[in-house]
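A.B. asks: here you go, sequence then predicted model.
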Amino acid sequence: MRQITALTPTALAILISLTACAVNPATGSRELSLVSESREIAMGQEYDPQITAQMGLYGDAAVEAYVSDLGLRMAAQSERPQLPWTFRVVDDPVVNAFAVPGGFIYITRGIMAHLNSEAELAGVVGHEIGHVTARHSASQMTRMQIQQIGLGVGSILSERVANWSSTIGAGLGLLNLSYGRGDESQSDELGVRYMGKTGYDPRAMVGVFETLALVSGDPSSRTPEWASSHPYPENRGARIMEMVDALPADQRANARLGSEEYLSKLDGMTYGSDPRQGYFEGRLFLHPDMAFQLRFPRGWTTANQRSQVSALSPEEDALVVLELAAEAEPDAALRAFLSSEGVRAGATSREPINGLAAARATFTLSSPNQELSGAVAFVSHRGTVFQIMGVGTPEAWGRASTTIEDALQSFARVEDAAVLDVEPMRIEILRLPRAMTIEEFHRRYATPLELDEVARINRRSPGETIPSGTLMKRVSGGR
């Protein structure tokens with residue numbers, strides 16, 4: 001067998017120099033890149049259906065077209081107009097926006113609800129375009145690949161380094177935080193550039209960071225800025241104004257804000273979590289659109305995600321998960337489950353569950369590192385097969401099997417009209433008939449929201465007098 005010779009630093013440098021060293025299209029600087037543009041596009045096309053399936057699209061064609069039109073106009077002013085730019089509004093109440101390589105940009109309805117003008121939306125979109133044009137994801141991937149090459153070489157050289165590779169990897173992750181903050185600042189600058197070129201008032205981006213500061217909470221309770229991948233939003237606003245001052249004068253004068261046009265698009269938008277997609281009342285999970293309910297174990301930590309609903313035991317050693325099965329019949333779903341690698345079947349049953357056709361079994365799941373005990377039930381309801389699975393360590397199973405069994409047996413139809421007809425909260429845009437404070441607005445226009453949340457989405461301060469004729473967001477409806 002040929003002896004393995006460790007790569008010297010010189011040899012490693014030669015190896016890296018043989019890879020592509022390209023000019024960053026947004027910054028003009030030369031930088032190492034192990035990810036080609038075609039690979040960026042392929043990754044985006046691969047991730048996009050996964051993201052939309054997991055998060056869901058908002059589903060309002062007019063809002064989607066509005067955001068897409070704005071995004072495409074801004075992307076055309078960028079350094080990479082040839083990318084297959086795609087802009088989506090995802091059905092998520094969280095205040096967020098993000099990009100994946102290749103020109104795929106995602107804006108949540110949650111962040112849209114907190115913005116107050118088209119220019120602010122342009123600031124968010126422009127920032128995410130900046131991440132793509134400056135190839136930040138590709139750069140991070142290149143750094144990680146080089147670091148992994150370095151760790152591999154070190155592991156050959158030294159058994160001690162090999163033993164500590166995971167610790168060193170964690171340290172390199174902290175090192176990458178500085179790159180992350182630099183990337184964020186660079187995307188801010190690029191966003192301001194694209195706003196100016198598209199005719200939007202770049203000063204509106206300061207309002208975006210004011211909103212982010214409000215939803216981030218008290219700075220004293222946050223992760224220190226030096227350990228965070230993003231600079232504090234209140235610090236970014238001051239830097240934005242410096243960037244604006246550096247723009248050509250014609251990009252600052254008569255720039256578009258578009259407040260009324262933007263707010264009109266929010267009228268009727270879903271606000272907060274949508275109960276039509278399922279919600280908890282205590283430990284009872286109710287799904288109006290699919291007309292079913294399931295009672296999870298008492299005291300367990302629950303989570304409602306688009307693809308599954310779950311509950312984790314207090315000891316974090318047992319789990320109950322509800323999700324859809326791929327098969328059309330309970331028997332077929334059970335057979336497919338029990339034929340999975342590592343699954344050993346126990347007792348099986350075809351007894352109905354609350355009048356619904358079902359197939360179920362106990363099982364043991366074995367892997368090289370661990371063995372788990374569990375039970376699974378497949379239940380047919382309204383043409384869909386639901387999988388309810390409980391699993392835990394052998395010790396947890398002895399303690400929680402009865403509790404998990406109760407959860408599996410609780411799946412049932414929902415016929416209560418109060419549940420089936422529930423509607424989400426929605427944004428309503430109102431024009432103030434007279435000047436008033438945010439406190440008066442909150443008293444005058446009934447809403448399920450607390451005063452501080454009403455003030456936050458309208459970005460108003462306590463005691464501030466709001467002029468007559470101002471458009472304001474009121475949230476109404478809900479459970």
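C.D. replies: Yep, that arrived. Numbering: from 1, shown residues only.
A.B. asks: which element is residue 107 on?
C.D. replies: Following DSSP states H and E, the helix or strand that holds residue 107 is strand 104-108.
A.B. asks: just the buried residues of stretch 91-100, please?
C.D. replies: 91, 92, 93, 95, 96, 97, 99, 100 (16 or more other Cβ atoms under 10 Å). Quick note: C-beta positions are derived from backbone N, CA and C, even for glycine.
A.B. asks: if we can go back for a sec, now do the strand holding residue 107: which elements does it pack against?
C.D. replies: Applying 3 or more Cβ pairs under 8 Å, 6 or more residues apart in numbering; DSSP states H and E, we find strand 104-108 packed against helix 37-55, strand 86-90, strand 97-100, helix 118-133.
A.B. asks: how about the helices of the stretch 251-400 of the chain, start to end?
C.D. replies: Using DSSP state H, counting those that start in this stretch, the helices found in the stretch 251-400 of the chain span residues 259-266, 330-338, 394-409.
A.B. asks: in TSV, list these along with mean neighbour count and mean pLDDT.
C.D. replies: Below are the helices of the stretch 251-400 of the chain laid out as TSV (neighbours: other Cβ atoms under 10 Å; pLDDT from 0 to 100):
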stretch	mean neighbour count	mean pLDDT
helix 259-266	16	97
helix 330-338	19	97
helix 394-409	17	95
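A.B. asks: mind checking which of those helices is nearest residue 112?
C.D. replies: Closest of the helices of the stretch 251-400 of the chain to residue 112 is helix 259-266, at 6.7 Å (criterion: Cβ to Cβ).
A.B. asks: helices or strands up against that closest one?
C.D. replies: On a contact count with 3+ Cβ pairs under 8 Å, 6+ apart, helix 259-266 meets helix 61-75, helix 118-133, strand 425-431, strand 471-477.
A.B. asks: please repeat the previous calculation with a cut-off of 6 Å.
C.D. replies: Identification of packing neighbours for helix 259-266 by 3 or more Cβ pairs under 6 Å, 6 or more residues apart in numbering; DSSP states H and E yields no helix or strand.
A.B. asks: next one, pLDDT for the residue lying closest to residue 361 once chain neighbours are set aside please.
C.D. replies: Distances taken as Cβ to Cβ, 6 or more residues apart in numbering place residue 348 nearest to residue 361, at 4.3 Å, with adjacent residues excluded. With respect to pLDDT, residue 348 has a value of 96.
A.B. asks: quick check: residue 348 vs residue 362, distance?
C.D. replies: Distance of residue 348 to residue 362, given as Cβ to Cβ, to the nearest Å: 8 Å.
A.B. asks: setting aside sequence neighbours, what's the nearest residue to residue 301?
C.D. replies: Nearest to residue 301 is residue 312, by Cβ to Cβ, 6+ apart, at 4.7 Å.
A.B. asks: list the beta-bridge partners for that neighbour.
C.D. replies: Counting by DSSP bridges, residue 312 is bridged to residue 301, residue 319.
A.B. asks: give the contact list for it.
C.D. replies: Taking Cβ atoms under 6 Å, 6 or more residues apart in numbering, we find residue 312 in contact with 300, 301, 319.
A.B. asks: next one: residue 44
C.D. replies: Contacts of residue 44 (Cβ under 6 Å, 6+ apart): 100, 101, 102, 104.
A.B. asks: any idea which of the residues you listed is closest to residue 342?
C.D. replies: Using Cβ to Cβ, residue 100 comes nearest to residue 342 of the contacts of residue 44, at 32.5 Å.
A.B. asks: from memory that closest one sits against residue 46, does it?
C.D. replies: No: in this structure, residue 100 is not within contact of residue 46 by Cβ atoms under 6 Å, at 9.1 Å.
A.B. asks: hmm, back to that, could you export the helices and strands packed on strand 104-108 as a markdown table, including mean pLDDT and distance to residue 428?
C.D. replies: Shown next, in a markdown table, are the helices and strands packed on strand 104-108 (pLDDT from 0 to 100; distance: least, Cβ to Cβ, whole Å):
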| stretch | mean pLDDT | distance to residue 428 |
| --- | --- | --- |
| helix 37-55 | 89 | 25 |
| strand 86-90 | 97 | 19 |
| strand 97-100 | 90 | 24 |
| helix 118-133 | 95 | 19 |
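A.B. asks: out of those, deepest packed?
C.D. replies: helix 118-133 (a mean of 27; mean count of other Cβ atoms under 10 Å).
A.B. asks: how about low-confidence regions in the chain?
C.D. replies: 1-35, 138-181, 217-235, 237, 252-254 (pLDDT under 70).
A.B. asks: the longest strand in it is where?
C.D. replies: strand 371-381 (DSSP state E).
A.B. asks: can you state the direction angle for that strand and helix 394-409?
C.D. replies: With axes from the mean of the first three to the mean of the last three Cα atoms, to 10 degrees applied, the angle from strand 371-381 to helix 394-409 works out at 0 degrees.
A.B. asks: now for strand 371-381, which elements pack on it?
C.D. replies: If contacts are counted by 3+ Cβ pairs under 6 Å, 6+ apart, strand 371-381 sits against helix 330-338, strand 358-366, strand 384-392, helix 394-409.
A.B. asks: the third one: how far from the chain's middle?
C.D. replies: Strand 384-392 has its C-alpha centroid displaced from the chain centroid by 25 Å (Cα atoms, centre = their mean, to the nearest Å).
A.B. asks: ok, and what's touching that strand?
C.D. replies: For strand 384-392, contacts defined as Cβ under 6 Å, 6+ apart pick out 317-323, 325, 327, 330, 333, 372, 374-379, 400, 404, 408, 411.
A.B. asks: for it, buried residues please.
C.D. replies: Neighbour-count burial for strand 384-392 flags 385, 386, 387, 388, 389, 390, 391, 392 (criterion: 16+ other Cβ under 10 Å).
A.B. asks: alright, that wraps it up for me.
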